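Peer 1: sharing a sequence plus its predicted fold:
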Amino acid sequence: MSSENPLTEREMEVARLVQEGKATADIASILDIKPSTVTTHIQTIKHKLGVDSNVEVAFWYREAVAA
């Protein structure tokens, strides 16, 4: 992973699950957090990455892991 990764460990976990196509409720269940917390994490991730969609988050995650 790049040393320029702007995401926290938890945000990376959420991004990975978004990349896997998991729904908000599924991510919440997997990470044992509230769906509203997942939504907040996703909004924060999008803001940090400067993207607008979960698809863009997924593409970013794939590239970040491959780097």
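Peer 2: Arrived safely. Numbering: from 1, shown residues only.

Peer 1: which parts of stretch 52-67 are buried?
Peer 2: N54, V57, A58, W60, Y61, A64 (16 or more other CB atoms under 10 Å). In this view, the C-beta of every residue, glycine as well, is placed from N, C-alpha and C.

Peer 1: so where does the fourth one fall, helix or strand?
Peer 2: Just to be clear, that refers to W60. In the assignment (DSSP states H and E), W60 maps to helix 54-66.

Peer 1: which strands and helices lie in contact with that helix?
Peer 2: In this structure, helix 54-66 makes packing contacts with helix 9-19, helix 35-49, judged by 3 or more CB pairs under 8 Å, 6 or more residues apart in numbering; DSSP states H and E.

Peer 1: hang on, the earlier thing: quick one: the buried residues of stretch 52-67 as TSV, columns for distance to T39 and pLDDT too.
Peer 2: Listed next are the buried residues of stretch 52-67 as TSV, based on distance: CB to CB, whole Å; pLDDT from 0 to 100:
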residue	distance to T39	pLDDT
N54	11	97
V57	13	97
A58	16	97
W60	18	96
Y61	17	96
A64	21	90
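
Peer 1: farthest-apart pair in the residues you listed, please.
Peer 2: The distance between the two most remote of these (CB to CB) is 15.1 Å, for N54 and A64.

Peer 1: ranking the helices and strands packed on helix 54-66 by burial, who's on top?
Peer 2: helix 9-19 (a mean of 18; mean count of other CB atoms under 10 Å).
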